[in-house]
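Participant: Prediction below, plus the sequence it came from.
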Amino acid sequence: MKTIRLTMAQALVKFLDNQYVEFDGKENKFVKGIFGIFGHGCVVGLGQALEEHKGALVLYQGKNEQGMAHAAIAYAKQKNRRKIIACTSSIGPGALNMVTAAGTATVNRIPLLLFPGDTFACRQPDPVLQQVENPSSISITANDAFKPVSRYWDRIERPEQLMSAMINAMRVLTDPAETGTVTICLPQDVQAEAYDYPVEFFEKRVHHIERRLPTKGEIERAVELIKNKKKPMIICGGGVRYSEAGNELRIFAEKFNIPFGETQAGKGEVAWNHPLNLGGMGVTGTLAANRIAREADLIIGVGTRFSDFTTTSKWAFQNPEAEFLTINVNGFDASKLNAKLIVADAKETLKMLGEELEKIGYKSEYRDEIKKVKEEWVNEVDRLYSIELEEGLSQTRVLGEINKAIGEDSIIVGSSGSLPGDLQRLWRPVKPKTYHMEYGFSCMGYEVTGALGVKMAEPDKEVYAMVGDGSYLMLHSELVTSIQEGYKINVLLFDNSGFQCIRNLQNSQGIPTFGTEFRFRDKETGRLTGEYMPIDFAANAKAYGAKAYTVRTIEELKDALEKVKHDNVSTLIDIKVLPKTMTDGYESWWRVGVPEVAERETVLEAHKKMEEEIKKARKF
């Protein structure tokens, strides 16, 4: 067997540069490059290997470990999980900064490959700088924190272990049913140790992503269930996007006159103005989708994991005859809500299921209900888009102006706060993959960093980060990276002076505003009830080298939106919007833990209401 002598880190880089994926006959390189923030846990090992590598891998310099990992997640998501950017860090705090991103990727079923530096496998110099020591087990390091949020976790304690570890890593990363975060911990000493690796380990390796077909039995059981249902409804989830099944879902819905609602991950795969598209489903959903769901006797979930925001804490489906059918490549997700399940590819399943339903002449029994709720909702959105307030800008009016101003090919990116709710309800996407929302983890700080990842995946399109002031303050470091790398992103910052989404939740449960706004501390009360903090976010962005604008009127907003289209560097528009001008619940409910004991009567009333609504929700 022919071998080549390399350090473990050099072997890792050489291996990564020869990984490819094939899907529907199209083959592409799987690993574009590596995001890294070098420190003593990786710079002289993996850093040295990257510096002398002659292949195609690109090193991208991150500014915050969580931020760069979020950018990598957004890149993989925008590439439909068929291309990735790996991430590496030093040990200790650098590594732990990526744990949140690891959770984000795993929850959203997005491939993320992490190489956190680790302490010495030999243990001779222990304890080293930034090492976490656990007296109960010396083998535990900070990197063990990745285990609960990783789909595959390994530690390379001998250089030859790299081979089995990376083969397993690629197995998970390229499996639509199993994908998520893969964490490969790299001890400092082992990165630099040499081994005679077999040359065949570095040969081009193609990972084939197959479309799993449904079984005959699965299709038969689904047909048997559907044929007796009068008012079914489809929930379009992220699996529709990754399977590229938007057209098949549209055709299926049209053939059998079945309306559909969208999750955050599935939104935009069919144009908003399609007559059967009722928009967002659930807690942040539309009145149209929530009303149809309430009466539906069958819910067909396509590529959704049925989170509490989609099901409104399992409360949305009030018809006592309601049953569930799921189509999902992941058996765990497919089995939720006691559903009849098809564990298979969405695109192929919709085709095959449609053919069998055509044979029996199936059609739903909806009459004008769908058209009526759709028209009602369109009128409501138009109303929200046209709100004018003397005191300042309403958030819904601003969104309407942005939706009209940016091109149909432009991509918006969001994640947390009140904006995801408003966007799921109000945004009107026409083309697929232009609505990029991370709402599985709803991780604050994803928006700006995610916009960078999306721009790296779609360099020819305008990308807009839709972010609140609270989330921007939490993490926006990769705005600097976007400028450094020449990837122009546009940050639309909605400044409403705090965590107003959470303030709304707080107030809705009978609790007065407390700790949720950006105010100065009042000397008399000792609480944060003073004046709002006047933060100049535009000045902050300008300091990094971005072009920036501050707007307080619709005219200023329109002018700024036009200008950023022509700017050739990353931009930020600081939009001063009024608090509490976002959308409301539209006949949905979300279960939160309201106190059973409290001094305020309003809290006790909210608790009583919660217990009443729990009785209406499904138990499993």
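Facilitator: Everything's here; your move.
Participant: show me the contacts for the closest residue to Met437 other than its chain neighbours.
Facilitator: Leaving aside its sequence neighbours, Met437 sits nearest to Gln264 (C-beta to C-beta, 6 or more residues apart in numbering; 4.3 Å). (Each C-beta comes from the backbone N, C-alpha and C, glycine too.) Contact analysis of Gln264 by C-beta atoms under 8 Å, 6 or more residues apart in numbering lists 280, 284, 309, 420, 424, 437, 439.
Participant: Kindly recompute the last result at 10 Å.
Facilitator: Applying C-beta atoms under 10 Å, 6 or more residues apart in numbering, one finds that Gln264 lies in contact with 108, 237-238, 280-282, 284-285, 307, 309-310, 414-415, 420-421, 423-424, 435-440, 442.
Participant: Compute the distance between it and Gly414, please.
Facilitator: For Gln264, the distance to Gly414 (C-beta to C-beta, to the nearest Å) stands at 9 Å.
Participant: cool, Glu355 as well?
Facilitator: Glu355 is 37 Å from Gly414, by C-beta to C-beta.
Participant: okay, the two: which has more neighbours?
Facilitator: Gly414 (30 against 11; other C-beta atoms under 10 Å).
Participant: Quick check: phi and psi at that one.
Facilitator: phi -150, psi 180 (degrees, to the nearest 10).
Participant: do the same with Phe202
Facilitator: phi -100, psi 0.
Participant: Would you mind confirming that it makes contact with Ile4?
Facilitator: Yes. Between Phe202 and Ile4 there is a contact at 7.4 Å, judged by C-beta atoms under 10 Å.
Participant: quick one: common contacting residues for the two?
Facilitator: With C-beta under 10 Å, 6+ apart, Phe202 and Ile4 have common neighbours 11, 14.
Participant: The residue lying closest to Tyr544 once chain neighbours are set aside - how many residues pack around it?
Facilitator: Of all residues not flanking Tyr544 in the chain, Val480 sits nearest, at 5.2 Å (C-beta to C-beta, 6+ apart). Using other C-beta under 10 Å, Val480 has 20 other residues around it.
Participant: for the one 5 residues further on, same thing?
Facilitator: Burial of Glu485 is recorded as 16 neighbouring residues (other C-beta under 10 Å).
Participant: With Tyr152 instead?
Facilitator: 19.
Participant: beta partners for it?
Facilitator: When bridges are called by DSSP bridges, Tyr152 pairs up with Val182.
Participant: I'd say it and Cys185 touch.
Facilitator: No. Counting by C-beta under 10 Å, Cys185 is not a contact partner of Tyr152; they are 11.7 Å apart.
Participant: anything in contact with each of the two?
Facilitator: Ala165.
Participant: Same question for stretch 178-194: list its buried residues.
Facilitator: Judged by neighbour count using 16 or more other C-beta atoms under 10 Å, the buried positions of stretch 178-194 are 178-193.
Participant: Just the mean pLDDT for it, thanks.
Facilitator: Averaged across stretch 178-194, the pLDDT comes to 98.
Participant: Any idea how far that stretch is from the middle of the chain?
Facilitator: 25 Å (C-alpha atoms, centre = their mean, to the nearest Å).
Participant: First-to-last residue distance for that stretch?
Facilitator: 32 Å (C-alpha to C-alpha, to the nearest Å).
Participant: Stretch 235-251 too?
Facilitator: The first and final residues of stretch 235-251 sit 15 Å from each other (C-alpha to C-alpha).
Participant: With stretch 30-43 instead?
Facilitator: Start and end residues of stretch 30-43 are separated by 24 Å (C-alpha to C-alpha).
Participant: swap in stretch 51-58?
Facilitator: 10 Å.
Participant: now swap in stretch 424-437 and tell me
Facilitator: 9 Å.
Participant: From the chain's centroid, how far away is that stretch?
Facilitator: 13 Å.
Participant: What residues of it count as buried?
Facilitator: So for stretch 424-437, counting by 16+ other C-beta under 10 Å, buried means 424-429, 433-437.
Participant: What of stretch 217-230?
Facilitator: 218-219, 221-222, 225-226, 229.
Participant: tell me the mean pLDDT for that stretch?
Facilitator: Rounded mean pLDDT across stretch 217-230 is 98.
Participant: List of residues touching that stretch?
Facilitator: Under the contact criterion C-beta under 10 Å, 6+ apart, stretch 217-230 has outside partners 213-215, 232, 256, 258, 295-300, 321-327, 339-344, 349, 352-353, 355-357, 359-366.
Participant: any residues in contact with both of Gln264 and Gly414?
Facilitator: 420-421, 423-424, 435-439, 442.
Participant: Just the ones of those in helices?
Facilitator: Counted as lying in helices by DSSP state H, out of those, are 420-421, 423-424.
Participant: Pull the contacting residues for the closest residue to His40 other than its chain neighbours.
Facilitator: Distance criterion C-beta to C-beta, 6+ apart; nearest residue to His40, sequence neighbours excluded, is Ser90 at 6.0 Å. Contact analysis of Ser90 by C-beta under 10 Å, 6+ apart lists 36-43, 65, 97, 116-118, 129-130, 188.
Participant: Show me which pair in those residues is furthest apart.
Facilitator: By the measure C-beta to C-beta, Gly36 and Leu129 form the most distant pair in the contacts of Ser90, at 18.6 Å.
Participant: who's more crowded, these two?
Facilitator: Neighbours were counted for Gly36 and for Leu129 using other C-beta under 10 Å; Gly36 has more, 24 against 12.
Participant: if you skip the residues just before and after it, what's nearest to the more buried one?
Facilitator: Thr88 (4.5 Å).
Participant: do you know how far that neighbour is from Gly47?
Facilitator: 8 Å.
Participant: Spatially central residue for this protein, please.
Facilitator: Nearest to the mean C-alpha position of the chain, counting by C-alpha atoms, centre = their mean, stands Glu438 at 2.1 Å.
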